[in-house]
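Enquirer: Below is the structure, and that's it, no one-letter string:
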């Protein structure tokens, strides 16, 4: 009741403000993908209510960080609102690209307690675990797996699998089981075409292979640093467990992925899965609504499961973004108005209906949520085990080093896993020294 | 570099007449005509170059506006030249440069030679062959990733159509040994027509009378080819090598779209490496030094080459 | 046909012709594949194995020009019936059009920047080339070599200071900035080419005009320019092709307002994955203007491409 009252007051305030302020042309920048398309549709309500006009600038993932960080670093005024990637938050805050939102949240009665805790830490806070907010969690996302349920259910394949591995062909409980399944499908003839095991992230140019390999590394025991002393890397980044995790990923790539999948990220994995090349795909949760709606693989033919556990735990790579106001914008008031509108529970629940993963507790904790879509439960389970890459201002350098080291070992097959991770420790240490953190 | 008789005529324009000219004096007009170009080039080319040189001695980072800028002397240069990655990218660039030039010159010249036989419809076929070079290299690179996909792309199917075997048995972009060739093939597909056009121009510039004379001397066709065609077309071939060399030394768009520099660093050409340093890591000072090194290299190589070219021409 | 000893025999011609046609067919295959992909449905475009025969559709072109989003069935059913054929086409995929895509704008940016810089480059280039050709310019040879050398720099290397400079001047992501930049990059080529063309125009024509009482400027304008027209046209085409297809500067220095099509086309993304038909459609449309120009001016192509080094 209380929230309802608050809500109507807030809505009334939005209306009042829009009546007084002049109509602005706002530009929102985000990645070019399905959720962004849905956001255009969602935002029509804002345009109607506020009188402002929304423009959208969407850049696909492989170029997103490049283009947008370039824009921010050049002090560009293109974007009033930025749904920037989670790892940018450190740079956004420290270099003054984003407006700090604490006062605004206090004034408007928006509290971060209403959002999924992982998303608040991941998308809004800098420094991490302090109540300094630079964004409002906008889109929850996490790496998970999609599989061909229709293939898994075939009796002849089930029988063969059981004979070979002594267990049912079903959702894997561990990374090793996942590899078994992928290898089982690798090179198999299904309805006259040769299919392959799993499409995994291997992209070189931006962040692809890092977003993939971490799902194996975390679960084998990789840590970004000493939990007590964050920039102490040696023995954590390159621990024996971490080495085993990296070797697992290479083995998966060598034995259970389609030929030529050496530079694949979200889009290529979707293509491979939809065209019936693979039994499994690793991908961010955002694709699931699209999979369900697809003519070839949708409508019950596909199932979903969270990243399976490894020997040392179960984690999944966090994706997703918060929405920030760009400090170079001349229209910050109107931009804040948008955030206020976006944070409303009924807008958030409409957001979920349109295919946007809301991070609002009121939406995801609704009793009907888990069953509202076949993938809803998997999303909730995955969001509970997330871990993210560095969000330091120097994140791009850290990422580029990891891309190179990991790709060089996993895809190009140069050196050993241990050498790759030792090299990574050197690169990261150098960066942190340059940054004055060590 | 390229001297024409007209140069001499122009220089020989009688002074007294020039002085009689009404309106603005020639001197003023010359200035008015040349100044805007020089000014623009100074502003967009030379001034930035000087700025780059200055930055190359600092630790400046564009994305750290609040950090103090220190003068670091030659440290950036030292770091670059002692970094084994730099030499790997140089190697990758050299491989790309040499093989694209060799293939394009061989195929381009052969095509031009055949086209010069003036068979029926050769005009139309020339135009058709030229189409690939009209495309944007970035778009070409992007589309070749699609063509190279073993399962859904065209390339592997066409190759295995001729050689037999399974289209999924090899991957042009994924294999460390094939990826350097994948970029060579795409670039050769796109730019062979360019070399072909230059060679064609060269072949057409050889007067028929020389061949006729050789024919009277009963020189064989084979001999004519080596003693007339090749030497006469050589300056053009060298020109083609110069243009392709400069262009492919700068190569960025096609390859970055095609492989992203992978697998590992196998196809990371210098421009791609530089782009990462300058616009992803934002190590502005460091990458400025890198840029200076590249400029000195290309300028040096080109100057030597141009000298050689002029010698060949004078012969 | 007169007999000539240098004329190859019919058999040789036939062999040459066959070889060239064979090459042309193979080389045109990827291009045909791009054009054909533009007329496939998204599912057909990524079919495994690839489809050579397919049912042509305009979906790729519709997708190229629209922004769409997926809606669930109830929401779709609640909408008023589709008004146009493309509305209907999109609805059949369970989607709805939310607005126009950015392709039109990007294409127009390419037109403005491409043609703008080509025009400016021709004006400056012709003037400079004329001066270099006809007058005693101090340090002429050095200046000419300097002008040429500016083209040797890798664009990424030049882009670092340009990026900083543009940021200071507020030229980042503006049409003006890109026009000036492309003009400067192209200027070296055009001065060299145009000087070659102007050198060939006999100086006597101008002398006659000067004696007739023309000013130097009038002589340039009324005598030299018309004669240099074809040369200017073929130089223009090279400048246009460069500016039209340029990627490195565009990707680094433009984003929302002045971005041209080359950095944009590879990044076209559809609903639920990469939209190869839309990418192919975008590439095809983008190719048309240059292709038309090239076909129209193909006779002058040879001279342009050899840097004016070929004399008639």
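Expert: Here it is on my side, so go on. Every value quoted in this text rests on a predicted model; they were computed, and no experiment measured them.
Enquirer: Contacts only, for residue A:203.
Expert: Residue A:203 is in contact with A:62, A:209, A:263, A:264, A:265, A:268, B:260, counting by C-beta atoms under 8 Å, 6 or more residues apart in numbering or on different chains. Any C-beta I mention is one placed from the backbone N, CA and C, and that applies to glycine too.
Enquirer: One more: residue A:347?
Expert: Going by C-beta under 8 Å, 6+ apart, the list of residues near residue A:347 reads A:42, A:45, A:341.
Enquirer: I'd like to know which of those residues are buried.
Expert: Buried by 16 or more other C-beta atoms under 10 Å in any protein chain shown: A:42, A:341, out of the contacts of residue A:347.
Enquirer: so which of the contacts of residue A:347 comes closest to residue C:140?
Expert: The closest of the contacts of residue A:347 to residue C:140 turns out to be residue A:42 (C-beta to C-beta; 64.0 Å).
Enquirer: what about that closest one, distance to residue A:118?
Expert: Taking C-beta to C-beta, to the nearest Å as the measure, residue A:42 falls 23 Å from residue A:118.
Enquirer: Average pLDDT for stretch A:400-416, rounded please.
Expert: Averaging pLDDT along stretch A:400-416 gives 95.
Enquirer: Any part of it near chain C?
Expert: No. Stretch A:400-416 lies out of reach of chain C by C-beta under 8 Å from any C-beta of the partner chain, never closer than 15.5 Å.
Enquirer: swap in stretch A:28-40?
Expert: Yes. Stretch A:28-40 reaches chain C (C-beta under 8 Å from any C-beta) through A:29, A:32, A:33, A:34, A:37, A:38, A:40.
Enquirer: list the contacts for the second one?
Expert: Shown here is residue A:32, whose contacts under the criterion C-beta under 8 Å, 6+ apart are A:58, A:59, A:60, A:61, A:64, C:267, C:269.
Enquirer: Just the residues you listed: which are in helices?
Expert: A:61, A:64 (DSSP state H).
Enquirer: Present the contacts of residue A:32 as JSON lines; the columns should include pLDDT.
Expert: Putting the contacts of residue A:32 into JSON lines (pLDDT from 0 to 100) gives the following:
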{"residue": "A:58", "pLDDT": "87"}
{"residue": "A:59", "pLDDT": "86"}
{"residue": "A:60", "pLDDT": "81"}
{"residue": "A:61", "pLDDT": "82"}
{"residue": "A:64", "pLDDT": "88"}
{"residue": "C:267", "pLDDT": "83"}
{"residue": "C:269", "pLDDT": "79"}
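Enquirer: Looking at the contacts of residue A:32, which is nearest chain B?
Expert: Each of the contacts of residue A:32 was scored against chain B by C-beta to the nearest C-beta, and residue C:267 proved nearest at 8.7 Å.
Enquirer: Name the nearest residue to that closest one, sequence neighbours excluded.
Expert: Excluding its sequence neighbours, the residue lying closest to residue C:267 (C-beta to C-beta, 6 or more residues apart in numbering or on different chains) is residue A:60, at 4.4 Å.
Enquirer: so who does the one you found touch?
Expert: Neighbours of residue A:60 in contact, by C-beta under 8 Å, 6+ apart: A:31, A:32, A:33, A:267, C:267, C:269.
Enquirer: Counting only strands, which of those residues make the cut?
Expert: A:31, C:269 (DSSP state E).
Enquirer: between the contacts of residue A:60, which is nearest residue A:88?
Expert: Nearest to residue A:88 among the contacts of residue A:60, with distances taken as C-beta to C-beta, is residue A:31, at 11.9 Å.
Enquirer: pretty sure the closest one is touching residue A:58, no?
Expert: Yes. With contact defined as C-beta atoms under 8 Å, residue A:31 reaches residue A:58; the gap is 6.4 Å.
Enquirer: Would you mind giving the secondary structure of residue C:99?
Expert: strand (DSSP: H, G, I helix; E, B strand; the rest coil).
Enquirer: Measure how buried the one residue in the stretch 201-312 of chain C that gets nearest to chain B is and give me the count.
Expert: Scanning the stretch 201-312 of chain C for proximity to chain B using C-beta to the nearest C-beta identifies residue C:215 as nearest, at 3.2 Å. By other C-beta atoms under 10 Å in any protein chain shown, 15 other residues sit near residue C:215.
Enquirer: For it, give me the pLDDT.
Expert: In this model, residue C:215 carries a pLDDT of 84.
Enquirer: circling back to that earlier point, top of the contacts of residue A:60 by number of neighbours, please.
Expert: The most crowded member of the contacts of residue A:60, judged by other C-beta under 10 Å, is residue A:33 (26 neighbours).
Enquirer: where are the low-confidence patches of the stretch 1-150 of chain B?
Expert: B:1-24 (pLDDT under 70).
Enquirer: and if you look at chain A?
Expert: Chain A contains residues with pLDDT under 70 at A:1-21.
Enquirer: one more time with 50
Expert: Within chain A, the segments meeting pLDDT under 50 span A:1-20.
Enquirer: Can you show me the strands along it?
Expert: So, for chain A - with DSSP E - the strands run A:25-31, A:53-59, A:81-85, A:136-139, A:143-148, A:188-190, A:193-199, A:278-284, A:302-306, A:316-317, A:321-325, A:386-387.
Enquirer: At the geometric centre of chain A, which residue sits there?
Expert: Against the mean C-alpha coordinate of chain A, by C-alpha atoms, centre = their mean, the closest residue is residue A:319 at 1.6 Å.
Enquirer: Compute the number of surrounding residues for the residue in the stretch 1-150 of chain B that chain A sits nearest to.
Expert: In the stretch 1-150 of chain B, the residue that lies nearest chain A is residue B:150 (3.9 Å; C-beta to the nearest C-beta). Around residue B:150 there are 24 other residues, counting by other C-beta under 10 Å.
Enquirer: residues contacting it?
Expert: Counted by C-beta under 8 Å, 6+ apart, residue B:150 has contacts A:258, A:259, A:260, B:156, B:167, B:168, B:169, B:170, B:171.
Enquirer: Now do the same contact list for the fifth one.
Expert: When the contact criterion is C-beta under 8 Å, 6+ apart, the partners of residue B:167 are B:150, B:151, B:156, B:157, B:159, B:160, C:49.
Enquirer: again, but for the third one
Expert: Contacts for residue A:260 were tallied using C-beta under 8 Å, 6+ apart; they are B:148, B:149, B:150, B:151, B:168, B:171, B:172, B:173, B:174.
Enquirer: Out of those, who's the most crowded?
Expert: residue B:149 (32 neighbours).
Enquirer: excluding its backbone neighbours, what's nearest whichever residue of chain A sits closest to chain C?
Expert: Using C-beta to the nearest C-beta, the closest approach of chain A to chain C is made by residue A:290 at 3.2 Å. Leaving out its chain neighbours, the residue that sits closest to residue A:290 by C-beta to C-beta, 6+ apart is residue C:272, at 3.2 Å.
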